[in-house]
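Engineer: show me the folded form of this:
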Amino acid sequence: MAVGVVLAAALPITYLSLTPLLAPPAEPGDLSSPTLAKVLNESIDTAVADLDPKKWPGLIPEAAANSRVFLREVAEVVARCSKGPLEPNQKYNRMLFHLVGVDGFRYEPITSRGCGEDSLIFRATFKDGRITEVFTDGRERRHSLEEVKHLVNIREFGKVLISSDKQRHPERYYPPAPPQAPPRDVSKDWE
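Structural biologist: Numbers count the residues shown, from 1 in each chain. All right, here's what the predicted structure looks like:
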């Protein structure tokens, strides 16, 4: 009986600790995909065009141009899942975008929506704010071009990138906050 209890406790612990090592998240392959590069650039262009102060009050008129400044600061983006295919709690498996700046700085990974079997894992290299090359494992070729354009991590790629810069550099997108009024001396209320 004691052996059964030990095994009942040891097996789940072993499974949970070894699964990330035995089935790690997929990495981008080495197949070049110029068509996917074009689709990702379209997603970026759509996100930049959406930075219109008439559509989104509160944005500064320079927001779209400033987003292009940010894109010129990016050298590479790697999109991959946070968990491997065999890990438990797959509902918490999120798409992560790992950004590397032209200066070599590695940004905090951007967490996006859920990651599943249809999610595309890729490495996109940038030059002058545009994607020049995309490398994948070829899984995008299982779908039509229209299906790939409608995958969440592809459709929202540009929006997710620019949103991350909005959080890091809000001054590029929003007017400065009004100055704070000096604190009122409340001791005079009690005189």
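Engineer: tell me the helix or strand right after the helix-or-strand element of the chain with minimal mean pLDDT.
Structural biologist: The weakest-scoring helix or strand in the chain, judged by mean pLDDT, DSSP states H and E, is helix 2-22 (a mean of 55). Note on helix 2-22: by DSSP states H and E, the next helix or strand toward the C-terminus is strand 31-32.
Engineer: tell me the strands beside that next one, with direction?
Structural biologist: According to DSSP bridges, strand 31-32 forms sheet pairs with strand 130-136 (antiparallel).
Engineer: neighbouring contacts of the partner strand?
Structural biologist: Contacts with strand 130-136, where a contact means Cβ atoms under 8 Å, 6 or more residues apart in numbering, come from 28-34, 36-37, 40-41, 44, 71, 120-126. (Glycine included, C-beta is placed from N, CA and C.)
Engineer: which among those count as buried?
Structural biologist: Taking 16 or more other Cβ atoms under 10 Å as the criterion, what is buried in these is 28, 33, 36-37, 40-41, 44, 71, 120-126.
Engineer: which two among those residues are spaced furthest apart?
Structural biologist: Distance extremes for the buried ones among the contacts of strand 130-136: the farthest pair is Leu71 and Ile121 at 21.3 Å, using Cβ to Cβ.
Engineer: ok so, going back, now, the buried ones among the contacts of strand 130-136 that are in strands?
Structural biologist: Of the buried ones among the contacts of strand 130-136, the ones assigned to strands by DSSP state E are Phe122, Arg123, Ala124, Thr125, Phe126.
Engineer: which residue is the nearest non-sequential neighbour of Val148?
Structural biologist: Nearest non-adjacent residue to Val148, counting by Cβ to Cβ, 6 or more residues apart in numbering: Glu140, 5.3 Å away.
Engineer: OK, contacts around that neighbour?
Structural biologist: With contacts defined as Cβ under 8 Å, 6+ apart, Glu140 is in contact with Ser33, Leu36, Leu120, Phe122, Val148.
Engineer: how much space between it and Leu36?
Structural biologist: Going from Glu140 to Leu36 by Cβ to Cβ, to the nearest Å gives 6 Å.
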